[in-house]
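# Okay, here's the prediction I keep looking at, along with the sequence it came from:
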Amino acid sequence: MNCCVVGLQWGDEGKGKVVDILAENSDIVVRYNGGANAGHTVVLDDSKFALHLLPSGSVRPNTLCVIANGVVVDPEVLLQGIETLAQKGIVLTNRLFVSENAHLVLDYHKTEDRLREESLGKNKIGTTIRGIGPCYSDKAGRSNAVRMADLRDLEQLKAKLQVVVDYKNKVFAAVYNAEPISADLIFEKCKSYAETLLPFTIDTTRFLHKAIADGKSILFEGAQGSLLDLDHGTFPFVTSSNASSLGMPAGCGVPAKMVDKFFGVAKAYTTRVGAGPFPTELDNEIGQYIRDRGHEYGTTTGRPRRCGWFDAVAVSYSLTIGAIDSIALMHLDTLTGLKEIKLCLAYQIDGKQIEFFPSNIARLEQAQCIYETVPGWEQDISEVNDFHDLPSNAQHYIMLVEELTKRPVTIIGVGPKRNQTIFR
Ligand code: GDP
Ligand code: IMO
Ligand code: MG
């Protein structure tokens, strides 16, 4: 059985936890989009991992891990990730495979990301400054792009970097009045990446198709969330990859029809980091209550996450474009203690009721939310492991989410640990 897990909101839905759980029954876990902008948390009994590039299956010693062609790889973050796991006795040698076609995020991408954001002032996107946009821009632009496979021919790479860095420096000076960066320094780093990372580098498309032919079960791990999808999200306040399940086939070379089940992960409320429209946002004490109880601070950047009510219009859109089969609803425990909980059923735009999410932000910014209000619960639910042991108001809340999204909620998160999970 092959499964894919994607975020249904604006990221940080709890994909790391869900992937870690599902990885128990998978031979291979594959990251196929995004880069070190992702921060996927896996909590084990005695340790907590924040994974940026390594698939969340990497904490399981027998699971094979693939970083596929659609990922933009920051070699420093990847090496750090490998080292962090090694310190805990988790070894990735012979079980981590990085695509030779994956593009490299180099220092100048991060510089460019920062300079662009600074120059935008109040119009900035609020990126993670991990060089994601500039690296994917170079990928689409082709001539300045550097792939993992380029580390195999250092002579050629040296000449290429000279041209690329020369071009970048001209832009940095002319547009941003910024200091130049050294092509030699970048090349020296690449020389060391060649030594450390080429042993992991293979044709991952071929590897995955052979694994499928051999009957292995594969788990595809999306990064970010569907509403941050470059084409289908709240553009321009999105990331630079296809973060909905639509990005999976192109991101790893495996057609979607080879996936048996698509899981969508959502929080029982909504969060967003960075700028952009957020119709159900609670810029008040309830939002702060959720932020405090849910520890809603970015895994990658530490920024406080914006918090709001569950938005069934937005989630239904992600479910539709992603052909998602079922929902993992996380952080139900975080809502404990609220007297009343609201869910957004529809938007009002230009005096009309709209049920289909307008990804065009000019329209989305005008959306007024139409809410249903339901009673909350007081009981601690963090130890509950059977749906029927949840307080009846919590059960009703889940059933209302199912009714609004027309999908079954098959996994419920009641805490960050593996065992704080209800399966239905
Ligand atoms: P991801 O990017 O989708 O993998 O999510 P993050 O790891 O960035 O953020 C999710 C956060 O919520 C992490 O700190 C998780 O440990 C935590 N978490 C996941 N599921 C639950 C849950 O059901 N309840 C609570 N309280 N925390 C959860
Ligand atoms: P995971 O995989 C939440 C957001 C940034 C910013 C926008 C563009 O942990 O869910 P980028 O650096 O990608 O150019 O930033 O996208 N963003 C995320 N938000 N979770 C993530 O990843 C994110 N990755 C990017 O905050 O608004
Ligand atoms: Mg995250």
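Perfect, I can see it now. This one's a predicted model, so the numbers in the text were calculated from it and none came from an experiment. Ligands and ions are numbered 1, 2, ... in the order given.
# hey, let's count contacts and neighbours off CA atoms from now on
Noted.
# Verify the stated contact: Gln118 with Gly126.
That one is not Gln; residue 118 is Glu. No. In this structure, Glu118 is not within contact of Gly126 by Cα atoms under 8 Å, at 9.7 Å.
# The two: who's more crowded?
Taking other Cα atoms under 10 Å, Glu118 and Gly126 do not tie; Gly126 has more neighbours (18 against 14).
# What backbone torsions are found at the more buried one?
Main-chain torsions, Gly126, degrees, to the nearest 10: phi 80, psi 40.
# For it, which non-adjacent residue is closest in space?
Spatial nearest neighbour of Gly126, excluding adjacent residues (Cα to Cα, 6 or more residues apart in numbering): Gly274 at 4.3 Å.
# Run through the residues that contact the one you found.
125-127, 237, 305 (Cα atoms under 8 Å, 6 or more residues apart in numbering).
# Surely it is in a strand?
No. The assignment for Gly274, made by DSSP: H, G, I helix; E, B strand; the rest coil, is coil rather than a strand.
# pLDDT score for it?
On the pLDDT scale, Gly274 is placed at 90.
# That one and ligand 3: what is the separation?
13 Å (Cα to the ion, to the nearest Å).
# where's Leu332 relative to Val401, distance?
The gap separating Leu332 from Val401 is 12 Å, by Cα to Cα, to the nearest Å.
# quick one: furthest residue from the center of the chain?
In the chain, the residue that sits farthest from the middle, by Cα atoms, centre = their mean, is Glu155; the gap is 35.2 Å.
# Surely Leu338 is in contact with Glu378?
Yes. Using Cα under 8 Å, Leu338 is in contact with Glu378, at 7.4 Å.
# nearest to Ile354, of the contacts of Gly274?
Lowest distance from Ile354 to the contacts of Gly274 (Cα to Cα) belongs to Phe237, with 21.5 Å.
# burial count for the closest one?
If you count neighbours by other Cα under 10 Å, Phe237 ends up with 20.
# For it, report the pLDDT, please.
For Phe237, the model assigns a pLDDT of 97.
# which residues touch it?
Counting by Cα under 8 Å, 6+ apart, Phe237 touches 125, 228, 274-276.
# Now do the SS call for it.
coil.
# can you check Leu343 too?
Three-state call for Leu343 (three-state DSSP): strand.
# Quickly list what it is bridged to.
Applying DSSP bridges to Leu343 gives these bridge partners: Phe310, Glu372.
# neighbours around it, how many?
Neighbours of Leu343 under the rule other Cα under 10 Å: 24.
# okay, now the nearest residue to Ala50 once chain neighbours are set aside: neighbour count?
The spatially closest residue to Ala50, leaving aside those adjacent along the chain, is Thr41, at 4.6 Å (Cα to Cα, 6+ apart). For Thr41, the neighbour count with other Cα under 10 Å is 22.
# which element follows whichever helix or strand Thr41 is part of toward the C-terminus?
Thr41 is part of strand 40-43 when elements are defined by DSSP states H and E. On the C-terminal side of strand 40-43, the nearest following helix or strand under DSSP H and E is strand 48-51.
# Can you confirm whether that following strand lies near ligand 1?
No. Residues of strand 48-51 contacting ligand 1 under Cα under 6 Å from any ligand atom: none, with a closest distance of 6.9 Å.
# Buried residues, that strand. List them.
The neighbour-count check on strand 48-51 (16 or more other Cα atoms under 10 Å) flags 49-51 as buried.
# swap in stretch 401-411?
401-402, 404-405, 407-409, 411.
# May I have that stretch as CSV, with CA atoms only?
Taking C-alpha atoms only, stretch 401-411 is exported to CSV below (Å, rounded to 0.1, in the frame of the first residue of the first chain):
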residue,chain,number,x,y,z
VAL,A,401,-15.9,18.6,10.7
GLU,A,402,-16.7,15.3,8.9
GLU,A,403,-20.1,16.6,7.8
LEU,A,404,-18.6,19.9,6.6
THR,A,405,-15.7,18.4,4.7
LYS,A,406,-17.5,15.3,3.5
ARG,A,407,-14.5,13.2,4.5
PRO,A,408,-14.0,10.8,7.4
VAL,A,409,-11.7,11.9,10.2
THR,A,410,-9.7,8.7,10.8
ILE,A,411,-6.8,10.0,12.9
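# That stretch vs ligand 1: in contact?
No. Judged by Cα under 6 Å from any ligand atom, stretch 401-411 and ligand 1 are separated, with a smallest distance of 9.5 Å.
# ok, residues contacting that stretch?
For stretch 401-411, the external contacting residues (Cα under 8 Å, 6+ apart) are 312, 315-316, 319, 325-330, 345, 398, 421-424.
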